[in-house]
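[1] here is my input, please return the structure:
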Amino acid sequence: MAEFDNKLLTVISRQFGTNLNPTQRGRAVESLNAAGIDAGRNRDALRQHNLSLILKLVHTNGSVSRSQLTTATGLNRSTILNLVNDLAERKLIISSESDSPTGVGRPSHVVSPSPEVVAFAVHPEFDSTTVGVVTLGGRVLARRREPLHSAPTPEKSVAEAARLVSELRMELPKGTRIAGIGVTVPGQVRGTDGVVRLAPHLGWVEVPLATMLTQATGLPVTIDNDASIGCMAEYTFGSARGFENTVYLYAGSGGIGGGVIVDGVQLRGVAGYAGELGHVRISSSPGQDYSGLSGTIESLVQRDSLLESLKLYGATDEELEVEILTSRSDAVRQLLHEQIDALGAGLGNFVNIFNPNAIVLDGFLAALFKYDEGRLLNRIRESSLAASSERLIIRAGELGSNLLMIGGAELAFGSLLNDPAEAVLANR
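    Residues are numbered from 1 along each chain as shown. Next up is the predicted model:
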């Protein structure tokens, strides 16, 4: 119970921007509610805030008892009941009774995200387009990956994504409601209008992707960088959960990106482009990354090089990992050692700069870690100060192929979670 409530408090801390103990948190929420009216926020605004808070807690933590919501938020039981009933009437959550584990005492009233509320996730890459359907509770209902033989134009990518969305939409049960589409792009994205500023591996520059996909599907579209979204997905649902200071690196066919969580807040920069960790220079090597920068982590740790060495034309991350872990080729082993050494040198820099308590590796970087964990840890230690790395934990991402499906859906659920009362959902 205490561990669960602490997870809820972490979510609330993100909402309020402070870290407080449970007693302080309850008082803070009560004070906010009381002060909101005096400060000019009307009752509707306060209700909207509380509806959003409850829905986010249920969304993030899955099944939650009403008593746990009461403890975590500091709101009284009647207010929680009222808010839960409101969200249930909107068919955003479902409320049920659960027997006590001991069989003694009153049944617990449990609140869960509605399985009938879903979002689409789209991930365009150099060699494929992947589309998935994810419920409000974070369950991936379906995922389809369409292989490509060359980098798609924006128009081809939108057409392919729209076709897959249409097919998956028709397969959803009647009564399903759709929050929208979230797109994770391997490049720099201006989130305010959904324009892809630069996706070098795709060859895209200044592409109004959100507008194009909305016109093709009739659904609202939200777009962001794939690694930044992967970072938040692992922090919210995966390997980084519970680590308030995390460095995250994701590698796909479009290169290496990442994200940094400091005291529970992701660093995004003045325009949202922060986290391009793959472009940090670690070598005098003349080799260039996909953005034309030389000596970077991305230039030295490349998926394409591994595919070529393993004689693979294309592969999912899971397929590539199997090949890496089972290969007996001396040439492959040498390449893997070179990439692990380069990755360790780069991670050592991030340890010195951010002093994280965890580093999470996703995409094919997780396979490098699993291939020779000891070698990677040694290279990190060699490249970082002892005090900065002494409490460091390295983890592989745990969301696997669902990473960017869950992350993309989080983008689409954003408006609904922030304002449940005003969100407009599309029918199947």
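[2] endpoints of stretch 415-426, how far apart?
    Across its full length, stretch 415-426 reaches 13 Å end to end, with Cα to Cα, to the nearest Å as the criterion.
[3] one more: stretch 388-395?
    Using Cα to Cα, the span of stretch 388-395 from its first residue to its last is 17 Å.
[4] buried ones in that stretch?
    388-389, 392, 394-395 (16 or more other Cβ atoms under 10 Å). Placement of C-beta: from N, CA and C, glycine included.
[5] which of the residues you listed lies closest to Pro220?
    Arg395 (33.8 Å; Cβ to Cβ).
[6] identify the residues contacting Gly295.
    Residues in contact with Gly295, defined by Cβ atoms under 8 Å, 6 or more residues apart in numbering, are 281-287.
[7] may I ask you to confirm that Asn349 belongs to a helix?
    Yes - with DSSP: H, G, I helix; E, B strand; the rest coil as the criterion, Asn349 is assigned to a helix.
[8] picking that back up, can you add secondary structure, neighbour count and distance to Leu172 and give the contacts of Gly295 back as CSV?
    Formatted as CSV, the entries for the contacts of Gly295 read as follows, by DSSP: H, G, I helix; E, B strand; the rest coil; neighbours: other Cβ atoms under 10 Å; distance: Cβ to Cβ, whole Å:
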residue, secondary structure, neighbour count, distance to Leu172
Arg281, strand, 15, 47
Ile282, coil, 20, 46
Ser283, coil, 15, 49
Ser284, coil, 7, 53
Ser285, coil, 13, 49
Pro286, coil, 8, 51
Gly287, coil, 13, 46
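[9] farthest-separated two in these?
    For those, the farthest-apart pair by Cβ to Cβ is Ile282 and Pro286; their separation is 13.6 Å.
[10] what about the strands in the stretch 151-300 of the chain?
    177-185, 188-190, 195-199, 204-207, 221-225, 246-252, 255-262, 265-266 (DSSP state E, counting those that start in this stretch).
[11] what number of residues lie near Val270?
    Each residue near Val270 was counted by other Cβ atoms under 10 Å, and the total is 6.
[12] how much space separates it from Ala386?
    Here the distance between Val270 and Ala386 works out to 34 Å (Cβ to Cβ, to the nearest Å).
[13] ditto for Asp304
    Using Cβ to Cβ, one obtains 35 Å as the distance from Asp304 to Ala386.
[14] and the strands in the stretch 1-150 of the chain?
    When secondary structure is read from DSSP E, counting those that start in this stretch, the stretch 1-150 of the chain shows strands at 64-65, 93-98, 108-113, 117-124, 128-135, 140-147.
[15] deepest-packed of those strands, please.
    Comparing those by mean neighbour count (mean count of other Cβ atoms under 10 Å), strand 117-124 comes out on top with a mean of 28.
[16] sorry, back to before: from the buried residues of stretch 388-395, which is closest to Gly348?
    The closest of these, once distances to Gly348 are taken by Cβ to Cβ, is Ser389, at 7.7 Å.
[17] and that closest one, what does it touch?
    Contact criterion Cβ under 8 Å, 6+ apart gives 348, 351, 380-381 as the residues in contact with Ser389.
[18] great, nothing more from me.
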